[in-house]
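Asker: Show me how the following folds:
(chains A and B)
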Amino acid sequence: MSPGTFVQLTGPNGSGKTSLLRILCGLLAAAEGQIMWEGANIRSLGEEYVAQVTYVGHRHGIKDEFSAVENLRISNALNGVSVNQDRAFEVLGQMGLAGRESLPARLLSEGQRRRVALARLLVCDTKLWLLDEVLTSLDKGAVSLVRSLIENHVAGGGIAIVATHQELELPIGRTKRLELTT
Amino acid sequence: MLRWIVWRDLMLAWRRRADMLSTVFFFVIVVSLFPLGIGPETQLLRTIAPGVVWVAALLASMLSLGRLFANDYQDGTLEQLLLTPQPLFLVVLGKTLAHWIVAEVPLVLIAPLVGVQFDLSRETLWVLFVSLLVGTPVLSLIGSVGAALTLGLRGGGVLISLLVLPLYIPALIFGAGAVEASVMGTSPSAHLQLLGAFAIVSLLFTPWATAAALRISLE
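Answerer: You can find the predicted model right below:
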């Protein structure tokens, strides 16, 4: 897979989309074969590889006790990217969360929590994005926002692998479609 | 990076302080039940005090261990922690340190106070405090292995106790032994040193074991 590639992963429920993404980010060990990144096995690259990957799973990965701003800043700090208060507010505003930045995440709706999780994509500078069913519970505006994010990422030479049931045609770059069957 | 994990977990604990307080109250109540049940037989109370306080500390730490990774596991932040570009044992060490501060340090601080009920001398209360200070990190460290192994299992809480309590036995023997030595009027330093050695060995090995257990639990 070369830089600037977008892969849409489709297939019926239970066909292994999530498993494939978890194998690709290294959470799951592959039963057979290996994942190579720039010529080296991701198992041996370890943290070096993980630093290039952003994974958004179907569990949001945000803490209910923290506000949207705190969630964004802490998850980025743990990834070694420091995001200051102003930048965090700006990014959350872009994600359509203006005015709700300081509410505890447990008060947000499902779609808004998803937006908080996706706000990470705006601040990270990773090369490989692995997105698992990220469009569920998002409204039309948010879906087109995510599409434009992926578009920019791919246009900038990144790779995005997205598991989704919705059509996500991108006008630019190489779009590949990988259909898994049970 | 370690700093951020510790800070994050401390903030989370602060936002749910009721959890922390329940552990402390459990410890205080269990320890207080013994003098109330036995009555004012000071000689007997002095003899059983080391064992009672230490066993209560072990049981109290069981209450909080289940939460060490379970909350992060449920909301998906644990996978994100696994995907941060730093060695997993550091993440584990940070979370264990935060657990110690939140769940064990309050017990250490309050132990001399509840120890008064057992008619312990000032010197013995001091030894009790030091023995818990040295020994409780062992509870968090070994407990983290159990918490990681039972992650996502139904009835994990009971399973943690069965896995971890037997491993606490050396800490219990040396910790209670130190206090007992002080009650008898002999020097507790040999016990404390052995307890310290056990804590250091736990610190060296358990973060790796916990990291490996987490990887298995998250597959």
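Asker: Could you check how far the spatially most distant residue from the centre of chain A is from residue A:21?
Answerer: For chain A, the largest distance from the centre (CA atoms, centre = their mean) belongs to residue A:32, which lies 25.3 Å off. For residue A:32, the distance to residue A:21 (CB to CB, to the nearest Å) stands at 17 Å. Bear in mind the C-beta positions are built from the backbone N, C-alpha and C, glycine included.
Asker: Where does residue 136 fall, secondary structure wise?
Answerer: The chain I'm using is chain A. If you go by DSSP states H and E, residue A:136 is not part of any helix or strand.
Asker: nope, chain B please
Answerer: With DSSP H and E as criterion, residue B:136 is part of helix B:122-149.
Asker: Give me every residue in chain A that's in contact range of chain B.
Answerer: A:25-29, A:47-48, A:50-51, A:53, A:55, A:57-66, A:70, A:74-75, A:77-80 (CB under 8 Å from any CB of the partner chain).
Asker: Could you turn the buried ones of these into a PyMOL selection?
Answerer: Restricted to buried positions by 16 or more other CB atoms under 10 Å in any protein chain shown, the PyMOL selection for those reads:
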select buried, chain A and resi 25+26+27+28+50+51+53+55+57+58+59+60+61+62+63+64+65+66+70+74+75+77+78+79
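Asker: Cross the residues of chain A next to chain B against helices and list the overlap.
Answerer: Judged by DSSP state H, those include A:25, A:47-48, A:50, A:70, A:74-75, A:77-78 as members of helices.
Asker: Which pair in the residues you listed has the greatest spatial separation?
Answerer: Taking CB to CB, the two most distant members of these are A:48 and A:70; they sit 28.2 Å apart.
Asker: phi, psi of the closest residue to chain B within chain A?
Answerer: Nearest residue of chain A to chain B (CB to the nearest CB) works out as residue A:59 at 2.9 Å. Main-chain dihedrals, residue A:59, degrees, to the nearest 10: phi -90, psi 130.
Asker: average pLDDT for the longest helix anywhere in chain A?
Answerer: Criterion DSSP H: the longest helix present in chain A is helix A:140-155. Mean pLDDT, computed over helix A:140-155, is 88.
Asker: So what are the sheet partners of the next helix or strand after that helix and their directions?
Answerer: Heading C-terminal from helix A:140-155, the first helix or strand you meet, by DSSP H and E, is strand A:159-163. Sheet pairing of strand A:159-163 (DSSP bridges) gives strand A:5-10 (parallel), strand A:128-132 (parallel).
Asker: closest one to residue A:36 among these?
Answerer: strand A:128-132 (12.4 Å).
Asker: Direction-wise, compare that closest one with helix A:140-155 and give the angle.
Answerer: In terms of direction (axes from the mean of the first three to the mean of the last three CA atoms, to 10 degrees), strand A:128-132 departs from helix A:140-155 by 150 degrees.
Asker: from the chain's centre, how far out does strand A:128-132 sit?
Answerer: On the basis of CA atoms, centre = their mean, to the nearest Å, strand A:128-132 sits 4 Å off its chain's mean C-alpha point.
Asker: Check the average confidence over it, would you?
Answerer: Here the average pLDDT along strand A:128-132 is 91.
Asker: Pull the residues that contact that strand.
Answerer: With CB atoms under 8 Å, 6 or more residues apart in numbering or on different chains as the test, strand A:128-132 has contacts from A:17-18, A:21, A:24-25, A:37, A:52-58, A:121, A:150, A:153, A:158-164.
Asker: do stretch B:27-38 as well
Answerer: B:44-45, B:48, B:52-53, B:56-57, B:59-60, B:107, B:110, B:114, B:117-118.
Asker: ChimeraX command for the buried members of those?
Answerer: Restricted to buried positions by 16+ other CB under 10 Å, the ChimeraX selection for these reads:
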select /B:45,48,52,53,56,57,59,60,107,110,114,117,118
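Asker: For residue A:87, state which of the contacts of stretch B:27-38 is nearest.
Answerer: residue B:107 (40.6 Å).
Asker: For the one helix or strand that closest one maps to, buried residues please.
Answerer: Assigned by DSSP H and E, residue B:107 belongs to helix B:105-115. Going by neighbour count (16+ other CB under 10 Å), the buried part of helix B:105-115 is B:106-108, B:110-112, B:114-115.
Asker: Now name the helix or strand holding residue A:12.
Answerer: Judged by DSSP H and E, residue A:12 forms part of no helix or strand.
Asker: Name the SS class of the nearest residue to it once chain neighbours are set aside, please.
Answerer: Excluding the flanking residues, the one nearest residue A:12 by CB to CB, 6 or more residues apart in numbering or on different chains is residue A:182, at 6.1 Å. Here residue A:182 is coil, with the state taken from DSSP: H, G, I helix; E, B strand; the rest coil.
Asker: Is residue A:161 in contact with residue A:23, as I believe?
Answerer: No - Residue A:161 lies out of contact with residue A:23 (CB atoms under 8 Å); the separation is 11.2 Å.
Asker: Of these two, which one has the most company?
Answerer: Shown here are residue A:161 and residue A:23; by other CB atoms under 10 Å in any protein chain shown, residue A:161 has more neighbours (23 against 20).
Asker: Provide a list of residues in contact with the most centrally placed residue in chain B.
Answerer: The centroid of chain B falls nearest to residue B:139 when counting by CA atoms, centre = their mean (3.7 Å). Contacts for residue B:139 (CB under 8 Å, 6+ apart) come out as B:57-58, B:61, B:104, B:168, B:171.
Asker: make it 6 Å
Answerer: residue B:61 (CB atoms under 6 Å, 6 or more residues apart in numbering or on different chains).
Asker: Nearest residue to the closest residue to chain A within chain B in space, please, no chain neighbours.
Answerer: Nearest to chain A in chain B, going by CB to the nearest CB, is residue B:76, at a distance of 2.9 Å. Distances taken as CB to CB, 6+ apart put residue A:59 closest to residue B:76, at 2.9 Å, once the chain neighbours are dropped.
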